[in-house]
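**Student:** fold the following for me, if possible:
(chains A and B)
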Amino acid sequence: MKIASHLEKFRRLDATLERLDPGSDQELWIWTAMNAGVHLLNAALHACGATTESDSFHSQVEGLYAVPNRTSGTLHDAMHAPGDVMHAGQPPLVAPLRPGIERASLALRTIEDLRERFVRGSERADASLQRDWRAAYATCIQELRAVLDTGGNER
Amino acid sequence: MNADAHRAKAEAIERSLAKCTPADYETVIEACMLAGTHWFNLALHAAKLLPVDHDAMHAEFLTLGQRRKIACVLPAALTALDTIESLRTPYVRGDLPGGAQAAERTLECLAELKRAAMHSDTERSTPSRSA
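**Tutor:** As a prediction, this is how the structure comes out:
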C-alpha cells in the first residue's frame, strides 16, 4: 500500500488505542497495537527502500497480495516481492534492515507474540505486564517515527 | 478451549468493541473477527465438529473436509466468518473506500455467529437436562 495510506491507518488505529485499556480491553488492545505498529512499520520500510510502495494489500496468506482495481473496486490475487509485510518478518526481507527498524521490529514482535496466550488463549495480564506492553508499543512507534522523520535515512 | 472460556472471551471483546465508533472501522472489523471466531469455536465444539482442545484460528485455513462438514451443519456461521475474514484484506490491511460500511457488515456477521453459538450450545445442553 502507499505510504500515505499506511500513515492514515496508523493515525486512526493509534487514536483508537488511546481509548482502550490493556487491562480491561486486553484482547483488542493487543490487536490494535499490533495493527498500528504493522502499518507504521510498512510506511518506514517503504520510506527507506527496504520494501516497495505499491498499490496492493497483503492477504492472510504470507507472500500473497490482493491488487485492487480502483475503477471496479474488485481485487485479484498476485504474488510479488514485498510490498507490505503482514507481520514483522512475514514475509522475510532479504536486505539488512536499518538499526531503528530492527529495534522497532523486535518491539513489535513482543506485541505480536502475545496473540496466542492473551487473545486466543485465556491468560490475563497483571499491571506489570501491561506496563511492559505499553513500553514495547511506545518503543516501536518512537523508532519508526525517527526513521520516517529522517525520510528513511536514519542510521 | 471450552464453551465457557470462549463465551467469556467473546463477550470481553464485545465490551471493548462497544468503545469503538464507525470511524474506527479497522478495529471494528478486527474485533468482529476475534469475537466471532470465539463464537464460531463455541458452536463447532457444541456441534462436535471440533474437539475442545482444538480451536479453529481462521475459517480460511480449515481443511476442505472440515469446511464441508461445517457448511452442512452450521452454514450461516461459516458464511458469516468467511465474510468477516474476506473484509480484512481490503479494509484493514488495504485502503479500499467504504470501510465504515464494511464494518457495519461485520457487525451483522458477528450477530449471526453469536446466534449460531447460542443455538448450538442450547442444542448440546438440552439432552443432558432432560436425562
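**Student:** ok, residue 79 - contacts?
**Tutor:** Since no chain was named, I'll use chain A. Residues near residue A:79 by Cβ atoms under 8 Å, 6 or more residues apart in numbering or on different chains: A:63, A:64, A:65. C-beta coordinates here come from the backbone N, C-alpha and C atoms, glycine included.
**Student:** wait, chain B was what I had in mind.
**Tutor:** Counting by Cβ under 8 Å, 6+ apart, residue B:79 has contacts residue B:112.
**Student:** can you do 10 Å?
**Tutor:** Residue B:79 makes contact with B:59, B:71, B:109, B:112, B:113 under the criterion Cβ atoms under 10 Å, 6 or more residues apart in numbering or on different chains.
**Student:** which pair of these spans the longest distance?
**Tutor:** Greatest spacing in these, by Cβ to Cβ: B:71 and B:109 (15.7 Å).
**Student:** who has more neighbours out of the two?
**Tutor:** residue B:109 (24 against 14; other Cβ atoms under 10 Å in any protein chain shown).
**Student:** re the thing from before, between the contacts of residue A:79, which has the most around it?
**Tutor:** residue A:65 leads those on contacts (other Cβ under 10 Å) with 26 neighbours.
**Student:** how about the secondary structure of residue B:116?
**Tutor:** helix (DSSP: H, G, I helix; E, B strand; the rest coil).
**Student:** ok, now which ones touch it?
**Tutor:** Neighbours of residue B:116 in contact, by Cβ under 10 Å, 6+ apart: B:36, B:39-40, B:42-44, B:46-47, B:73-78, B:80-81.
**Student:** if we take the contacts of residue B:79, which one ends up nearest to chain A?
**Tutor:** residue B:59 (10.3 Å; Cβ to the nearest Cβ).
**Student:** which residue is the nearest non-sequential neighbour of that closest one?
**Tutor:** Nearest in space to residue B:59, with sequence neighbours left out and distances taken as Cβ to Cβ, 6 or more residues apart in numbering or on different chains, is residue B:81 at 4.3 Å.
**Student:** so that neighbour sits against residue B:32, correct?
**Tutor:** Yes: under the criterion of Cβ atoms under 10 Å, residue B:81 makes contact with residue B:32 at 9.4 Å.
**Student:** outside of stretch A:59-70, which residues touch it?
**Tutor:** Around stretch A:59-70, the neighbours that count as contacts under Cβ under 10 Å, 6+ apart are A:1, A:54-58, A:74-87, A:89-92, B:58, B:60-61, B:85-86, B:88-90, B:93-97.
**Student:** in it, what's buried?
**Tutor:** For stretch A:59-70, the neighbour count (16 or more other Cβ atoms under 10 Å in any protein chain shown) marks A:59, A:63, A:64, A:65, A:66, A:68 as buried.
**Student:** may I ask which helix or strand encompasses residue A:75?
**Tutor:** Here residue A:75 sits within strand A:74-79, counting by DSSP states H and E.
**Student:** rewinding a little: quick check, nearest of the buried residues of stretch A:59-70 to residue A:100?
**Tutor:** Looking across the buried residues of stretch A:59-70 and measuring by Cβ to Cβ, the closest to residue A:100 is residue A:63, at 25.0 Å.
**Student:** and the closest one, what pLDDT?
**Tutor:** The model reports residue A:63 with a pLDDT of 93.
**Student:** with the one 10 residues further on instead?
**Tutor:** Each residue has a pLDDT score; the one for residue A:73 is 90.
**Student:** please list all residues in contact with it.
**Tutor:** Contacts of residue A:73 by Cβ under 10 Å, 6+ apart are B:90, B:96, B:97, B:98.
**Student:** and the average pLDDT for stretch A:98-115 is what?
**Tutor:** The pLDDT scores in stretch A:98-115 average 97.
**Student:** check which residues of that stretch are buried.
**Tutor:** Neighbour-count burial for stretch A:98-115 [16+ other Cβ under 10 Å]: A:98, A:100-101, A:103-105, A:107-112, A:114-115.
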